[in-house]
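>>> Here is a sequence with its predicted model. Questions after.
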There are 2 protein chains.
Amino acid sequence: MSSRLTSVIPDDSDGEGDSDHDKEMRKQCPSCQEDYDSDYAGRCTGKECYEKANVTQEELKREIEYLKAKVAFLRFWSPLDHQNRSSGPCFTDIVLVASDDGGGPSVPVPAHKAFLVSRSPVFKAMLENEMEESRSGIIKISDVSFDVLHAFVNYLYTAKAYLDEQMAYDLLIMAEKYQVKHLKAYCEKFLVSKLKWKNSVKSYTFARYHNAKRVLDAALSLIIDNMAKLTKKKEYKELVKNDPHLVVEIYEAYLAKQINTAAQKVSFYQNCY
Amino acid sequence: MSSRLTSVIPDDSDGEGDSDHDKEMRKQCPSCQEDYDSDYAGRCTGKECYEKANVTQEELKREIEYLKAKVAFLRFWSPLDHQNRSSGPCFTDIVLVASDDGGGPSVPVPAHKAFLVSRSPVFKAMLENEMEESRSGIIKISDVSFDVLHAFVNYLYTAKAYLDEQMAYDLLIMAEKYQVKHLKAYCEKFLVSKLKWKNSVKSYTFARYHNAKRVLDAALSLIIDNMAKLTKKKEYKELVKNDPHLVVEIYEAYLAKQINTAAQKVSFYQNCY
């Protein structure tokens, strides 16, 4: 290609040429002065340095536009959407099948092995080690409906999901099972935003069983702030019956908060007198 | 999956249940009050609305962190890096070969058809229509070195490139040829950032031949601001010899600016008296 360029572009052979060959990816952070690799509009990715640097609102907006364009470029089409939109092949090499789909014939969800391997360590182990799924080209997913499986695969390609509360629960379980951290965080964020008193025990129980720390902390905090109402809730009675150790954990958290508050009061009065 | 959930999570059947099934993706813009589809931290993607809404610096920073995490999730490994890092297969189904690689045996660059089709309308037409390349599994790329082809394919997977000026020129040509707009914009931005008097004629000439409007405007502006020095440049003399019509265009732009400046002066004096 260089030969093609030199025929069009005058050479810099008179000594004015830019010979330093600056590498775009090596930059110096305006805050910590360290060299760093970054492609984020010329800013160090270290959070502390980022915050110390005196960036303007305009710079932040430009960075957002830059990142949005990058997300749009990197976002892949989902093979199922591709089938609906285009007559061309989409070169899939594997299908996923939901095994809990109401007894009817399961609709396979097409995908690319390369994508599944890239997004999930579980699929990576499964497909790179020539297990049954890799040979047959079929991955059976148990305890999941077609809708959830479709949404899950779609997220792996696009990082987008249309969530309601139930879908967020179901996708979080899939994300946990297949170790897709980004999806798990996405669902947790949604569930925390939907947290209210009426679903607090449900959220707490779910989070406790599925290792969703962000939801767990938020739900537990809401519950122990409203302990007087707790024993009247139907879900509380069901929880006492089905999972009493989870109820014990609520009381332990409540007690710890009471002790902490009492200790703070003692400390306050000791400082006053 | 629902059955599994209900065994763990108390049901909301006492009437407190959240029955509205809010969809996360339908939101109302705080500025224009229109419903919109968005996954960007709860903000309408319309630029005007975005700017009118009174967002704080903290909100912008949170949005940047959110987008960075999304870019990290969506970014794919490049098949060549994968070969270096992992012993497992990476399920590639096509190779690209640089035909201008110094006469030695060309090293093939492995890739996935699905990826090439997704990123470039040219590859899409080539591979979806069962042309020779699709049948043979080999795409020959003319006038390009292995390094540039490798960087090009790597960008399609990762949206990252290590640029110096020559690499930016070469990748811009590839981006133009295969219609990868995001890469073209990325190279243009880099070349504008490297624009100086010493490479202004080279940049102008390149931009004029490769439809790089952003570089063209910046280079032309720099040249006509320094017309007195232009005729002394070696590249100018070469350009007069090889591409005189490009020199004419520089003079036309200069003349237009002169006329415009003169008209503004007349208008200024007319307003004064």
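Yes, it's here. These numbers come from a predicted model, not from an experiment.

>>> Run through chain A and note the low-pLDDT ranges.
Counting by pLDDT under 70, chain A shows low-confidence ranges at A:1-54, A:80-88, A:101-105, A:273.

>>> rerun that using 90 as the cut-off
For chain A, applying pLDDT under 90 flags the ranges A:1-58, A:75-91, A:99-107, A:118, A:126, A:128-137, A:142-143, A:258, A:260-273.

>>> So in it, which helix runs the longest?
Ranked by number of residues, the top helix in chain A under DSSP state H is helix A:244-272.

>>> domains for chain A, by residue range?
A:60-182, A:195-273 (automatic domain parsing).

>>> ok, which stretches of the stretch 51-200 of chain A are helices?
With DSSP state H, counting those that start in this stretch applied, the stretch 51-200 of chain A shows helices at A:57-74, A:79-85, A:113-119, A:121-128, A:132-136, A:146-158, A:165-177, A:181-193, A:200-209, listed in chain order.

>>> Check the gap between the closest residue to residue A:179 other than its chain neighbours and residue B:172 for me.
Take residue A:179 and drop its neighbours on the chain: the residue closest to it by C-beta to C-beta, 6 or more residues apart in numbering or on different chains is residue A:121, 4.9 Å away. The way it works is simple: take the backbone N, C-alpha and C, and place the C-beta from them, glycine included. Applying C-beta to C-beta, to the nearest Å, one obtains 37 Å for the distance of residue A:121 from residue B:172.

>>> between the two, who's got more neighbours?
Under the neighbour definition other C-beta atoms under 10 Å in any protein chain shown, residue A:121 and residue B:172 were set side by side, and residue B:172 has more, 26 against 12.

>>> does residue A:169 really touch residue A:209, like I thought?
No - between residue A:169 and residue A:209 no contact is recorded; they are 10.5 Å apart, counting by C-beta atoms under 8 Å.

>>> Stretch A:245-260 vs chain B: in contact?
No - applying C-beta under 8 Å from any C-beta of the partner chain, one finds stretch A:245-260 separated from chain B by no less than 9.9 Å.

>>> and that stretch, how far from the chain's centre?
Its chain's average C-alpha position is 30 Å from that of stretch A:245-260, according to C-alpha atoms, centre = their mean, to the nearest Å.

>>> quick one: which of the helices of the stretch 51-200 of chain A is nearest residue B:65?
Ranking these by distance to residue B:65, with C-beta to C-beta as the measure, places helix A:57-74 first at 10.0 Å.

>>> quick one: contacts for residue A:247?
By C-beta atoms under 8 Å, 6 or more residues apart in numbering or on different chains, the contact list for residue A:247 reads A:236, A:239, A:240.

>>> Quickly check: the helix or strand containing the second one near chain B or not.
Assigned by DSSP states H and E, residue A:239 falls within helix A:234-242. Yes - residues of helix A:234-242 are located near chain B by C-beta under 8 Å from any C-beta, namely A:234, A:235, A:238, A:239, A:242.

>>> Buried ones among those?
Burial by neighbour count, judged by 16 or more other C-beta atoms under 10 Å in any protein chain shown, picks out A:235, A:238, A:239 from the residues of helix A:234-242 next to chain B.

>>> just the residues you listed now: which is nearest residue B:125?
For residue B:125, the closest of these turns out to be residue A:235, at 56.9 Å, with distances computed as C-beta to C-beta.

>>> Please say which of residue A:169 and residue A:209 ends up with more neighbours.
Regarding residue A:169 and residue A:209, a neighbour count based on other C-beta under 10 Å identifies residue A:169 as having more, with 26 against 17.

>>> returning to what we had before: report the separation between the residue nearest to residue A:179 and residue B:267.
Taking C-beta to C-beta, one finds residue A:121 at 69 Å from residue B:267.

>>> Next: residue A:208.
Separation of residue A:208 from residue B:267 (C-beta to C-beta): 75 Å.

>>> neighbours of residue A:130, just the number please.
Applying other C-beta under 10 Å, we find 11 residues neighbouring residue A:130.

>>> which bits of the stretch 151-273 of chain A sit near chain B?
Taking C-beta under 8 Å from any C-beta as the criterion, the stretch 151-273 of chain A approaches chain B at residues A:159-166, A:168-170, A:173, A:182, A:185, A:190, A:194, A:196, A:198-199, A:201-202, A:205-206, A:209, A:234-235, A:238-239, A:242-243.

>>> Show me which residues of stretch A:190-200 are buried.
For stretch A:190-200, a neighbour-count test (16+ other C-beta under 10 Å) marks A:190, A:191, A:192, A:194, A:195, A:198, A:199, A:200 as buried.

>>> Compute the first-to-last residue distance for that stretch.
For stretch A:190-200, the first-to-last residue distance is 14 Å (C-alpha to C-alpha, to the nearest Å).

>>> Could you report the neighbour count for residue A:244?
10.

>>> ok, now residue A:229?
The criterion is other C-beta under 10 Å. On that basis, residue A:229 has 12 neighbouring residues.

>>> Touching, residue A:98 and residue A:152? I think so.
No - because the distance of 9.6 Å does not satisfy C-beta under 8 Å, residue A:98 is recorded as not touching residue A:152.

>>> Just want to know which of those two has more residues nearby.
residue A:152 (26 against 23).

>>> Tell me which residues touch that one, please.
If you count contacts by C-beta under 8 Å, 6+ apart, residue A:152 has them with A:144, A:171, A:174, A:175, A:178, A:183.

>>> Mind doing that once more with 6 Å?
Applying C-beta atoms under 6 Å, 6 or more residues apart in numbering or on different chains, we find residue A:152 in contact with residue A:174.

>>> now swap in residue A:245 and tell me
Counting by C-beta under 6 Å, 6+ apart, residue A:245 has no contacts.

>>> how much space is there between it and residue B:175?
Where residue B:175 is concerned, residue A:245 sits at a distance of 59 Å (C-beta to C-beta).

>>> Likewise for residue A:117?
28 Å.

>>> List the contacts of residue A:70.
With C-beta under 6 Å, 6+ apart, residue A:70 has these contacts: B:71, B:159.

>>> quick one, phi/psi of residue A:142?
The phi and psi values for residue A:142, taken as degrees, to the nearest 10, are phi -90, psi 160.

>>> Please name the nearest non-neighbouring residue to it.
Counting by C-beta to C-beta, 6+ apart, residue A:99 is the residue found nearest to residue A:142 once chain neighbours are left out, at 4.8 Å.

>>> Correct me if wrong: that neighbour contacts residue A:140.
Yes - taking contacts as C-beta atoms under 6 Å, residue A:99 lies within contact range of residue A:140: 5.3 Å.

>>> ok, residue A:224 - contacts?
Contacts were defined as C-beta under 6 Å, 6+ apart; by that measure residue A:224 touches A:253, A:254, A:257.

>>> List the buried residues of stretch A:130-150.
Taking 16+ other C-beta under 10 Å as the basis for neighbour counts, the residues of stretch A:130-150 that come out buried are A:133, A:134, A:139, A:141, A:143, A:144, A:145, A:146, A:148, A:149, A:150.

>>> on that earlier part again, would you point to the one among the domains of chain A that's packed deepest?
Per-stretch averages of neighbours, counted by mean count of other C-beta atoms under 10 Å in any protein chain shown, single out domain A:60-182 among the domains of chain A, with a mean of 18.

>>> Just give me how far it sits from the chain centre.
Chain-centre distance of domain A:60-182: 13 Å, with C-alpha atoms, centre = their mean.

>>> Start and end of it, how far apart?
Separation of the first and last residues of domain A:60-182 by C-alpha to C-alpha is 23 Å.

>>> how close does the closest residue in space to residue A:75 that isn't next to it in sequence sit to residue B:209?
With C-beta to C-beta, 6+ apart as the measure, residue A:158 is the residue that lies nearest to residue A:75, at 5.2 Å, once sequence neighbours are left out. For residue A:158, the distance to residue B:209 equals 37 Å [C-beta to C-beta].
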